[in-house]
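Trainee: can't give you the sequence, but here's the structure:
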């Protein structure tokens, strides 16, 4: 059904739960199982099967490159999905058609288990489908509520977050076993079947959904205000902001020209970072010139987004550490002793990729513990866990997790056999960091962006994850340089241990910078005041 105005006779808080919500929740549960099911076995499959044509010493590094290139795509394509939905097709149509692309990607993984080009095509289609629908499903949920039942939306969003971690937990636990016992065709085929079920369930509810039509182009959007600020002239003054933006554009062109030696993904992502960084500085320098051409609310909104972008930039090191639990940490676990569990007379041996099941399990435990015990205790001690303080602590905890994982690697490099169970500590520290950074970051971004700029903020949040994986690709590329390798050898550390300590230091410096900026950041409140 199309969107209709709520009845003025119905008071707020009296509406029932929308009957179409179960279709969306079921769709999300199946989709998340399919995504994490294939994502969490990707690195071990690449090393053990698809990349066998490479020398053994190169397989782990290439697998990490492929994995993080895939992650870059997943968090870049939300920009495309959001644009298509908002401007042309609406959320439902965009989610449905990109879900079919998603299913085609899974089919390619299962069918081309021994064909590099076919398998990589499947990864591209999954990145396009998964990334494209990522910003739409949760906002589509919000579209199903009106002023009469908006209070019930929190229950649904809590269920959403729970089902995501529920699906991730069982996918992480089961898919490595299917890969080991039944091969890649079955292990990648099962997530494909789950994604097909997700699509069919979503389609089944099509006549029950509220469909909000695409909106017309906003003449005062973030990009239009930014363009006005850069191009506007001021009597008796030059355009220094435009000059800075042009420097960034020139740097981006130079970066793209380095594609043959850097690789296209690193070159393209570096070009994007240069455009955003120098363009943002240029816009900030001349933003006041947009007043009078655009409403004050729009101009102030752009300034708010630019301030938040600094926060997002300082969070990118966290994402570079967090996403490596599915690449670098699996590689390490592959060289560790695998615990066995004796259950009902059977012996069950854990696979390296199954360690990732700890992450969603701990998330489901830590969120209520924090909200019900830790945060209230801190408040009683007179220390308010604000959003920025929580995020600072989260980045610092991610640094500690990499100190722990690096120390484990040093012990292994010394010839001591180490059980995979020792990874529980770094997983616990990293998940504590995730809870404090990820969910808090979304809350912070939403509160700081004016209503008209919330879409831009969510797009930049996704790009922060993309940039996090860019740092991983750059570091991985650097350790192929003979000079860098000679320096690492002089430290007495192995290459993997050195990289682990490097990322720990990277995040620790980011935490210090984040904490310093947090003390100078002036919080605003852009939550809606009026009733819906």
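Mentor: Good, I have the coordinates. Because the structure is predicted, anything quoted here is derived from the model rather than measured. Numbering: from 1, shown residues only.
Trainee: Next one, pLDDT for residue 522 please.
Mentor: As summarised for this prediction, residue 522 has a pLDDT of 83.
Trainee: got it, and residue 491?
Mentor: 93.
Trainee: where does the protein dip in pLDDT?
Mentor: 1-15, 149-155, 157-158, 343-345, 442, 446, 449-452, 454-455, 525-532 (pLDDT under 70).
Trainee: what domains does the record give for it?
Mentor: 17-212, 222-294, 317-527 (automatic domain parsing).
Trainee: so how far is the longest one from its chain's centroid?
Mentor: Okay, so that is domain 317-527. 12 Å (CA atoms, centre = their mean, to the nearest Å).
Trainee: mind listing what the most centrally placed residue in the chain touches?
Mentor: Centroid-nearest residue in the chain: residue 465, 4.7 Å away (criterion: CA atoms, centre = their mean). When contacts are counted by CB atoms under 8 Å, 6 or more residues apart in numbering, residue 465 touches 71, 75, 319, 323. Where C-beta positions appear, they are placed from N, C-alpha and C, glycine not excepted.
Trainee: ok, and what's touching stretch 193-203?
Mentor: 23-24, 26-31, 33-35, 37, 95-96, 99-100, 102-103, 106.
Trainee: Which elements pack onto the helix or strand hosting residue 163?
Mentor: Per DSSP states H and E: residue 163 is located in helix 153-182. Counting contacts by 3 or more CB pairs under 8 Å, 6 or more residues apart in numbering; DSSP states H and E, helix 153-182 packs against helix 21-45, helix 116-143, helix 184-204, helix 358-369.
Trainee: mind giving me a markdown table with these and columns for distance to residue 399 and mean neighbour count?
Mentor: Converted to a markdown table, the helices and strands packed on helix 153-182 look like this (distance: least, CB to CB, whole Å; neighbours: other CB atoms under 10 Å):
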| stretch | distance to residue 399 | mean neighbour count |
| --- | --- | --- |
| helix 21-45 | 23 | 24 |
| helix 116-143 | 27 | 21 |
| helix 184-204 | 32 | 20 |
| helix 358-369 | 17 | 17 |
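Trainee: Compare those and report which one is nearest to residue 288.
Mentor: Judged by CB to CB, the one of the helices and strands packed on helix 153-182 that comes nearest to residue 288 is helix 116-143, at 30.8 Å.
Trainee: roughly how far is that closest one from the heart of the chain?
Mentor: 12 Å.
Trainee: and that helix, what does it pack onto?
Mentor: So helix 116-143, by 3+ CB pairs under 8 Å, 6+ apart, packs with helix 21-45, helix 56-76, helix 78-84, helix 90-111, helix 153-182, helix 454-478.
Trainee: make it 7 Å
Mentor: Helix 116-143 sits against helix 21-45, helix 56-76, helix 78-84, helix 90-111, helix 153-182, with contacts defined as 3 or more CB pairs under 7 Å, 6 or more residues apart in numbering; DSSP states H and E.
Trainee: Please identify the most buried of the ones you listed.
Mentor: helix 21-45 (a mean of 24; mean count of other CB atoms under 10 Å).
Trainee: related to what we said a few turns ago, kindly indicate which of the contacts of residue 465 lies nearest residue 185.
Mentor: Closest to residue 185, out of all of these and judged by CB to CB, is residue 71, at 23.8 Å.
Trainee: wait, isn't the closest one in contact with residue 471?
Mentor: No - when contacts are counted by CB atoms under 7 Å, residue 71 is not listed as touching residue 471 (11.7 Å).
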